[in-house]
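Participant: Sequence plus the predicted model coming up.
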Amino acid sequence: MGFRFDMRNKTPQQQAIVRKNDESEKLRKEQIKKEEEIKCTAVEKTRDYEGVNFIKGTKTLLQLRVSNTALVNDPCGLKDSDAHKWLCKIGMTFIDQVKEYEVLTITSYDVLNQELTIDWKDLRRETKTTED
């Protein structure tokens, strides 16, 4: 950051506070921009799963699915929750690590109390078809 003329007559402590606030504001703006770039949209239900697509601009980065078995299985804790919101929340935790388009499915073995029990890299990968 360059010299701020409005800080020239301030104490070092005041300058440090302003610098810290400026850094926080910059990080907050970057976070907002990052969140705006990646969209999470529901996939039309055609099979035995609920799913969402993560889209950046016009490019689909990831399709994340949860099986209906996981949705109705009590230990998974997803029975009374909004599956699409939950998938968006889970996917946003690792979307930055996705290098190319993938289709991942979360099964009932992968979830306990609405938390993944395995690393996202170990989720079941589906074959990509024209329907997906």
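Facilitator: Yes, it's here.

Participant: switch to C-alpha atoms for all contacts and neighbour counts from now on
Facilitator: OK.

Participant: Could you list everything residue 40 pairs with in the sheet?
Facilitator: For residue 40, the beta-bridge partners are residue 54 (DSSP bridges).

Participant: Next, the contact list for it, please.
Facilitator: 52-55, 88 (Cα atoms under 8 Å, 6 or more residues apart in numbering).

Participant: Just flag the most distant two among these.
Facilitator: Using Cα to Cα, the two most remote members of those are 55 and 88, lying 11.3 Å apart.

Participant: What are the buried residues along stretch 89-108?
Facilitator: 90-91, 102-108 (16 or more other Cα atoms under 10 Å).

Participant: What are the buried residues along the lowest-mean-pLDDT helix or strand in the chain?
Facilitator: Of all helical and strand segments in the chain, the minimum by mean pLDDT, DSSP states H and E falls on helix 12-37, at a mean of 85. Within helix 12-37, the residues that count as buried by 16+ other Cα under 10 Å are residue 15.

Participant: I'd like to know which elements it is packed against.
Facilitator: Using 3 or more Cα pairs under 8 Å, 6 or more residues apart in numbering; DSSP states H and E as the contact test, no helix or strand touches helix 12-37.

Participant: start at 36 instead
Facilitator: OK, 36 is where the count begins now, so the last one is helix 47-72.

Participant: would CSV of the buried residues of stretch 124-143 with distance to residue 102, pLDDT and secondary structure be doable?
Facilitator: Shown next, in CSV, are the buried residues of stretch 124-143 (distance: Cα to Cα, whole Å; pLDDT from 0 to 100; DSSP: H, G, I helix; E, B strand; the rest coil):
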residue, distance to residue 102, pLDDT, secondary structure
125, 14, 95, helix
126, 15, 95, helix
137, 16, 92, strand
138, 13, 95, strand
139, 11, 96, strand
140, 7, 95, strand
141, 6, 96, strand
142, 5, 94, coil
143, 7, 93, helix
